[in-house]
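Q: below is the sequence, then the predicted model.
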Amino acid sequence: MNELLHLLKTNARLTNMQLADMLGKTEQEIAEEIKKLENKGVIRGYTAIINEELAKSTEVEALIELRVTPKRDCGFDEIAKTIMMYDEVESVSLMSGMYDLALTVKGESLKEVAMFVSQRLSAMDGVLATATHFVLKRYKEKGIRIEDEEYDERSMVCP
Amino acid sequence: MNYESVLSSCVQQMKPSGIRRFFDLAATMENVISLGVGEPDFSTPWSIRKEAIDVLERKKIVYTANAGMAQLRQEVANYLEKKIHVKYDSEHEIVITVGGSEAIDIAIRGVLNPGDEVLIVEPSFVCYAPIVQMAGGIPVPIPTKGENKFKLTAQELKEKITAKTKLLVLPFPNNPTGAIMTREDLEPIAEILRDTEIMILSDEIYSEMTYGKKHCSIAELPGMQERTILVNGFSKAFAMTGWRLGYLCAPAPVAKQLVKIHQYIIMSSPTISQYAAIVALKECEKEVEHMIKEYNLRRRYLVEAFNRIGMTCFSPEGAFYVFPSIQCTGMTSEDFCEKLLEEEHVAVVPGNAFGESGEGFVRVSYAYSLRHLMEAVSRITKFLEKYRK
């Protein structure tokens, strides 16, 4: 991956000037490069990583495993695309292994998520089985610790 | 008890490390951002730690051979041949030591007779002169200059050589300046030393940390290996400071004498660390590469940021320090550091702690996360707005 993308992945709020300094380029060059990556669709968006507990969020999140029957000609794409139309669905991935699709789903309550799975997902054509796992606590997300910063054990000054 | 008469006068006259005072001051404050540390912020790569854990479970932790485990010495020899294309006989020319520090100590003690002069390139790490003094030698600083990017020039070296000169301490890549010596920079130095009886102590502890240019050891140059005691270690490159493991390489007749000192004062270096170091050399090239990449981003960020706010700063090509000038404030290095600590709670180290030629500069370590560095830069910017003349 190029260095600019790597840096944006660790912190999308770095200013163009900071990025330019680190990569030995000008601000102008960075602005152009980012524009290009956005236009080409390489960068799909920017988001924040939030400690939901501190943000007093009441949302619940679940990982859902889905076994489905692939369709002739289009494999898993059609059903995946249908599933991702639901606003409740945060992410959809095709997996290797014991099941086919992995979803993350968000809702206001356990019940809401459970109802979504039983009424919407399970009822879909081609869905063979589901397994729902609720997220109890998040420790790390996208390489960032959700709770306390790591404590720097080094002394303040040393030669 | 009259301790003054009991204690060695040489030790009593030794100056305590110049940065101790800052450390004490900083420790009393809250919310201090430190850029003062000379050790990596990365954790030791997991495969190294795992090896240490396994060794603890499986093996008896007993003394090793005095010079270090044969397999580790062989790996060190392989590593050096790959990195600097210099061949060392692992059996007779390599000693595994307790950090680079012990290697420096026994190298200096091993070559000095009372009254011998030791040329020390400055600014540099703080340990050389006190060790020379304890060995009865005379430290002779060779100040390097900002306008030469703190490289040692042939002229500066020539001026300090006398009939009593026994040893040249060559600390590159340099702590605190970040300066490196390329092959072209080293050739005129080698030329001067070639027909003398002067030995070289080449402290290459930061050899993995160069940016853009590959590290060159003076031992690579014709006729130099026979007069060079090369010191290196695991602390910086593999983020293993607390493991206390380093090594020295020297011609067999020299190593044979130095290993005697090591044998009497240390016996053998930490066994667990030695096992772990074998893994470091064999398996951790990728991890080291990753760390260097990160350091490089931070380095470029700091150099640009300091130049922008008027703390002019040459682009250092090695180690993990930048060494900006504070001339624009008109303050001494110590005043600057003290005020910065008091007013903005940022700790950097005054340049003169590393020799008088470091006056007018401060050492800034980038062994910190980018987020940490950015917060520090914004505080220093505020400070400069107040004091820039």
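A: Happy to help now that I have it.
Q: number of nearby residues for B:Ile48?
A: When counting by other CB atoms under 10 Å in any protein chain shown, one arrives at 25 neighbours for B:Ile48. Every residue, glycine included, has its C-beta placed from N, CA and C.
Q: can I assume B:Ser333 is in contact with B:Val362?
A: Yes. Counting by CB atoms under 8 Å, B:Ser333 touches B:Val362, with 5.9 Å between them.
Q: compare these two (neighbour count), which wins?
A: When B:Ser333 and B:Val362 are compared for neighbours, B:Val362 comes out ahead with 28 against 23, by other CB under 10 Å.
Q: wait, a strand at the more buried one?
A: Yes. B:Val362 sits within a strand when classified using DSSP: H, G, I helix; E, B strand; the rest coil.
Q: for it, list the residues it contacts.
A: Residues near B:Val362 by CB atoms under 8 Å, 6 or more residues apart in numbering or on different chains: B:323-324, B:326, B:333, B:336-337, B:348-351.
Q: let's see which of those residues end up in strands.
A: In this view, those that belong to strands under DSSP state E are B:349-350.
Q: just the buried residues from the contacts of B:Val362, in PyMOL please.
A: Per 16 or more other CB atoms under 10 Å in any protein chain shown, the buried members of these correspond to this PyMOL selection:
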select buried, chain B and resi 323+324+326+333+336+337+348+349+350+351
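Q: now, among the contacts of B:Val362, which is nearest to A:Val117?
A: If you rank those by distance to A:Val117 using CB to CB, B:Val348 comes first, at 56.0 Å.
Q: which residues does the nearest residue to that closest one once chain neighbours are set aside bridge with?
A: Spatial nearest neighbour of B:Val348, excluding adjacent residues (CB to CB, 6 or more residues apart in numbering or on different chains): B:Val362 at 4.6 Å. Assessed by DSSP bridges, B:Val362 has beta-bridge partners B:Pro350.
Q: heading C-terminal from the helix-or-strand element of chain B with minimal mean pLDDT, find the next helix or strand.
A: When each helix and strand of chain B is scored by mean pLDDT, DSSP states H and E, helix B:20-27 comes last, with a mean of 76. Using DSSP states H and E, the helix or strand that follows helix B:20-27 towards the C-terminus is strand B:33-34.
Q: what pairs with that next one, parallel or antiparallel?
A: Partners of strand B:33-34 in the sheet, by DSSP bridges, are strand B:346-347 (parallel).
Q: average model confidence for the strand it pairs with?
A: Averaged across strand B:346-347, the pLDDT comes to 94.
Q: over to stretch B:111-130?
A: Rounded to a whole number, the mean pLDDT of stretch B:111-130 is 97.
Q: buried residues in it, which are they?
A: Applying a neighbour-count criterion of 16+ other CB under 10 Å, one finds B:111-112, B:116-130 buried in stretch B:111-130.
Q: filter those down to just the ones in strands.
A: Residues of those located in strands (DSSP E): B:117-122.
Q: for these, work out which two are farthest apart.
A: With CB to CB as the measure, no two of those lie farther apart than B:Glu117 and B:Glu122, at 14.6 Å.
Q: which helix or which strand is home to the residue of the stretch 251-389 of chain B found nearest chain A?
A: Nearest residue of the stretch 251-389 of chain B to chain A: B:Glu304, at 3.7 Å (CB to the nearest CB). For B:Glu304, the enclosing helix or strand under DSSP H and E is helix B:285-308.
Q: I'd like to know which elements that helix is packed against.
A: The helices and strands touching helix B:285-308, judged by 3 or more CB pairs under 8 Å, 6 or more residues apart in numbering or on different chains; DSSP states H and E, are helix A:16-23, strand B:321-322, helix B:370-387.
Q: how far does the longest one sit from the chain's center?
A: In terms of CA atoms, centre = their mean, to the nearest Å, the centre of helix B:370-387 is found 27 Å from the chain centre.
Q: before we move on, the earlier item: so which of the contacts of B:Val362 is the closest to B:Gly233?
A: Minimum distance to B:Gly233 across these is 21.0 Å, recorded for B:Val349 (CB to CB).
Q: can you report how many residues neighbour residue 152?
A: Looking at chain A here, since you left the chain open. Using other CB under 10 Å, A:Asp152 has 13 neighbouring residues.
Q: chain B was what I was after
A: 25.
Q: list the contacts for it?
A: Applying CB under 8 Å, 6+ apart, the residues contacting B:Leu152 are B:121, B:142, B:144, B:170, B:172, B:181, B:185, B:189.
Q: tell me the contacts of the nearest residue in space to the fifth one that is not next to it in sequence?
A: With CB to CB, 6+ apart as the measure, B:Met181 is the residue that lies nearest to B:Phe172, at 4.4 Å, once sequence neighbours are left out. Residues touching B:Met181, when contacts are defined by CB under 8 Å, 6+ apart, comprise B:151-152, B:170, B:172, B:189, B:216, B:218.
Q: from those, which is closest to B:Met374?
A: B:Phe172 (29.2 Å).
Q: tell me where the chain has helices.
A: This is for chain A. For chain A, applying DSSP state H gives helices covering A:3-10, A:16-23, A:27-39, A:77-83, A:110-115.
Q: oops, I was thinking of chain B
A: Assigned by DSSP H, chain B shows helices spanning B:3-6, B:9-13, B:20-27, B:46-58, B:70-84, B:99-111, B:128-134, B:154-160, B:183-193, B:252-265, B:271-283, B:285-308, B:333-344, B:370-387.
Q: and of the ones you listed, who's closest to A:Arg13?
A: Closest among the helices of chain B, using CB to CB: helix B:370-387, at 10.4 Å.
Q: quick check, the closest one touching chain A?
A: Yes. For helix B:370-387, a contact with chain A is found by CB under 8 Å from any CB of the partner chain, at B:370-371, B:374.
Q: in terms of secondary structure, what does that helix contact?
A: strand B:33-34, helix B:285-308, helix B:333-344, strand B:346-347.
Q: rerun that using 6 Å as the cut-off
A: Using 3 or more CB pairs under 6 Å, 6 or more residues apart in numbering or on different chains; DSSP states H and E as the contact test, the elements touching helix B:370-387 are helix B:333-344.
Q: could you report the neighbour count for residue 22?
A: If you meant another chain, say so; for now it's chain A. The local packing of A:Met22 (other CB under 10 Å) involves 22 other residues.
Q: meant chain B, my bad for not saying
A: 22.
Q: now do the same contact list for it.
A: Applying CB atoms under 6 Å, 6 or more residues apart in numbering or on different chains to B:Phe22 gives the contacts A:Val157.
Q: show me what from chain A comes close to chain B.
A: Applying CB under 6 Å from any CB of the partner chain, we find that chain A lies next to chain B at A:21-22, A:24, A:154, A:156-159.
Q: if we can go back for a sec, would you mind finding the most buried of the helices and strands packed on helix B:285-308?
A: Burial of the helices and strands packed on helix B:285-308 is given as mean neighbour count (mean count of other CB atoms under 10 Å in any protein chain shown); strand B:321-322 ranks first at a mean of 28.
Q: what mean pLDDT would you report for that one?
A: Averaged over strand B:321-322, pLDDT sits at 98.
Q: and the least confident of the residues of helix B:370-387 next to chain A?
A: For the residues of helix B:370-387 next to chain A, the weakest pLDDT value sits at B:Arg371, with 90.
Q: before we move on, the earlier item: overlap in contacts of B:Ser333 and B:Val362?
A: Residues within reach of B:Ser333 and of B:Val362 at once, by CB under 6 Å, 6+ apart, are B:Gly351.
Q: and the residues of chain A next to chain B, which are buried?
A: Among those, the ones that count as buried by 16+ other CB under 10 Å are A:21-22, A:154, A:156-159.
Q: so which of these sit within strands?
A: Of these, none are assigned to strands by DSSP E.
Q: domain ranges for chain A, per the record?
A: Per automatic domain parsing, the domain ranges recorded for chain A read A:3-39, A:60-138.
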